[in-house]
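J.: sharing a model that was predicted from the sequence below.
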Protein chains: 2
Amino acid sequence: MESPFTDEYFMKKALQEAEMAFEQGEIPVGAVIVIDNKVIARSYNLTEMLNDVTAHAEMQAITSAANYIGGKYLKGCTLYVTLEPCQMCAGALYWSQISKIVFGARDEQRGFMTLGTQLHPKTEVKFGVLAKEASELMIRFFAQRRKK
Amino acid sequence: MESPFTDEYFMKKALQEAEMAFEQGEIPVGAVIVIDNKVIARSYNLTEMLNDVTAHAEMQAITSAANYIGGKYLKGCTLYVTLEPCQMCAGALYWSQISKIVFGARDEQRGFMTLGTQLHPKTEVKFGVLAKEASELMIRFFAQRRKK
């Protein structure tokens, strides 16, 4: 029997978080962190509500996962995030030594891959998982914001 | 009469923060954020105590200054930090649109200048202010840690 715990499975959970951001008028990015097929952190972008540029989904998830683990290194963990992380988030992921990063849509302008931010050499990266869904949510958000 | 509010004046305050980190067994990096010659945020590295790789002095100072201002952009603000910011902190400073960054010692390995992290185009950078003092504190810290 195939395991239900695919990358798509967990990315759907990250997308649910992004929907929460959307509903609160935040740029819709969501994240979860998983260890041994268990979600140990979930979060969404809160930069507007918290008036804080550091409150990206990934940053909150890193802090939250470290609290759960009781240590600051996220070895054995996978981050699922709907959008390509920015320099700040990739820089935090570097320090966390996280084992794997899976993201949905590319951010061609401000994403860490475009800008060349260094990850930890042990961190594996995969992208394009439910990218269409993540992009559509972003497009819908900005279309709605322009109307206001 | 010369203004007492020089870059050295505020960097001394950042060094005092770094000393606080030192006393608590944290890698000794300190920061203050200043607007109109007034310190509106002060912080030091707390990654060990908080078990959180995101708890760098600069990150805490950015969040704290935004709280003080009541908005997430740090236009008109200057960050003084004893060590060259890393990718994560430079990435956060990019989003903050901070007007000026003054740092003391270079971090040739993990500093944002070495790693090419992009700052906001309006952000001015100055470094080397009390660099010797900042470096000596780091050297003293690691020498002490090796003895333990």
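T.: Happy to help now that I have it.
J.: what does chain A put close to chain B?
T.: A:47-48, A:51-54, A:59, A:62-63, A:66-67, A:70-73, A:86-92, A:94-96, A:115-118 (CB under 8 Å from any CB of the partner chain). Placement of C-beta: from N, CA and C, glycine included.
J.: cutoff 7 Å now
T.: Chain A comes close to chain B at residues A:47, A:51-54, A:59, A:62-63, A:66, A:70-72, A:86-88, A:90-92, A:94-96, A:115-118, as judged by CB under 7 Å from any CB of the partner chain.
J.: weed out the non-buried ones from the residues you listed.
T.: A:47, A:51-54, A:59, A:62-63, A:66, A:72, A:86-88, A:90-92, A:94-96, A:115, A:117-118 (16 or more other CB atoms under 10 Å in any protein chain shown).
J.: can you map out the helices along chain A?
T.: A:7-23, A:57-69, A:87-96, A:112-115, A:131-147 (DSSP state H).
J.: let's have the ones you listed in CSV, adding mean pLDDT and distance to B:Lys38.
T.: Formatted as CSV, these follow (pLDDT from 0 to 100; distance: least, CB to CB, whole Å):
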stretch, mean pLDDT, distance to B:Lys38
helix A:7-23, 98, 34
helix A:57-69, 98, 27
helix A:87-96, 98, 26
helix A:112-115, 97, 33
helix A:131-147, 95, 34
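J.: out of those helices, deepest packed?
T.: With neighbours taken as mean count of other CB atoms under 10 Å in any protein chain shown, the helices of chain A reach their highest mean count in helix A:87-96, at a mean of 28.
J.: just the CA atoms of that helix, as PDB, please.
T.: Extracted as PDB, the C-alpha positions of helix A:87-96 are listed here (Å, rounded to 0.1, in the frame of the first residue of the first chain):
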ATOM      1  CA  GLN A  87      16.700  35.600   1.600                       C
ATOM      2  CA  MET A  88      15.700  36.100   5.300                       C
ATOM      3  CA  CYS A  89      13.900  32.800   5.500                       C
ATOM      4  CA  ALA A  90      16.600  30.900   3.600                       C
ATOM      5  CA  GLY A  91      19.200  32.500   5.900                       C
ATOM      6  CA  ALA A  92      17.200  31.200   8.900                       C
ATOM      7  CA  LEU A  93      16.900  27.800   7.300                       C
ATOM      8  CA  TYR A  94      20.600  27.800   6.800                       C
ATOM      9  CA  TRP A  95      21.200  28.200  10.500                       C
ATOM     10  CA  SER A  96      18.500  25.600  11.400                       C
END
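J.: excluding chain neighbours, what is closest to A:Val125?
T.: Among residues not flanking A:Val125 along the chain, A:Ile101 sits closest, at 5.0 Å (CB to CB, 6 or more residues apart in numbering or on different chains).
J.: residues touching that neighbour, list them.
T.: Shown in contact with A:Ile101 (CB atoms under 7 Å, 6 or more residues apart in numbering or on different chains): A:Leu79, A:Leu93, A:Thr123, A:Val125.
J.: now, among those residues, which is nearest to chain B?
T.: A:Leu93 (8.5 Å; CB to the nearest CB).
J.: ok, back up a step: out of the helices of chain A, which comes closest to B:Gly30?
T.: Closest to B:Gly30 of the helices of chain A is helix A:87-96 (CB to CB; 18.3 Å).
J.: the nearest residue to A:Phe5 once chain neighbours are set aside: neighbour count?
T.: Excluding its sequence neighbours, the residue lying closest to A:Phe5 (CB to CB, 6+ apart) is A:Asn37, at 4.3 Å. By the measure other CB atoms under 10 Å in any protein chain shown, the count of residues near A:Asn37 is 11.
J.: how far away is A:Asn37 from A:Thr78?
T.: 10 Å (CB to CB, to the nearest Å).
J.: show me the contacts for A:Glu26.
T.: A:Glu26 neighbours (CB under 7 Å, 6+ apart): A:Tyr44, A:Asn45, A:Leu46, A:Thr47, A:Glu48, A:Met49.
J.: list the contacts of A:Ile69.
T.: If you count contacts by CB under 7 Å, 6+ apart, then A:Ile69 has nothing around it.
J.: mind doing that once more with 8 Å?
T.: A:Ile69 makes contacts with A:Ile35, A:Ile40, A:Cys77, as judged by CB atoms under 8 Å, 6 or more residues apart in numbering or on different chains.
J.: including pLDDT, could the residues you listed go into a markdown table?
T.: Shown next, in a markdown table, are these (pLDDT from 0 to 100):
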| residue | pLDDT |
| --- | --- |
| A:Ile35 | 98 |
| A:Ile40 | 98 |
| A:Cys77 | 98 |
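J.: counting neighbours, which of those residues comes out on top?
T.: Going by other CB under 10 Å, A:Cys77 tops the contacts of A:Ile69 with 24 neighbours.
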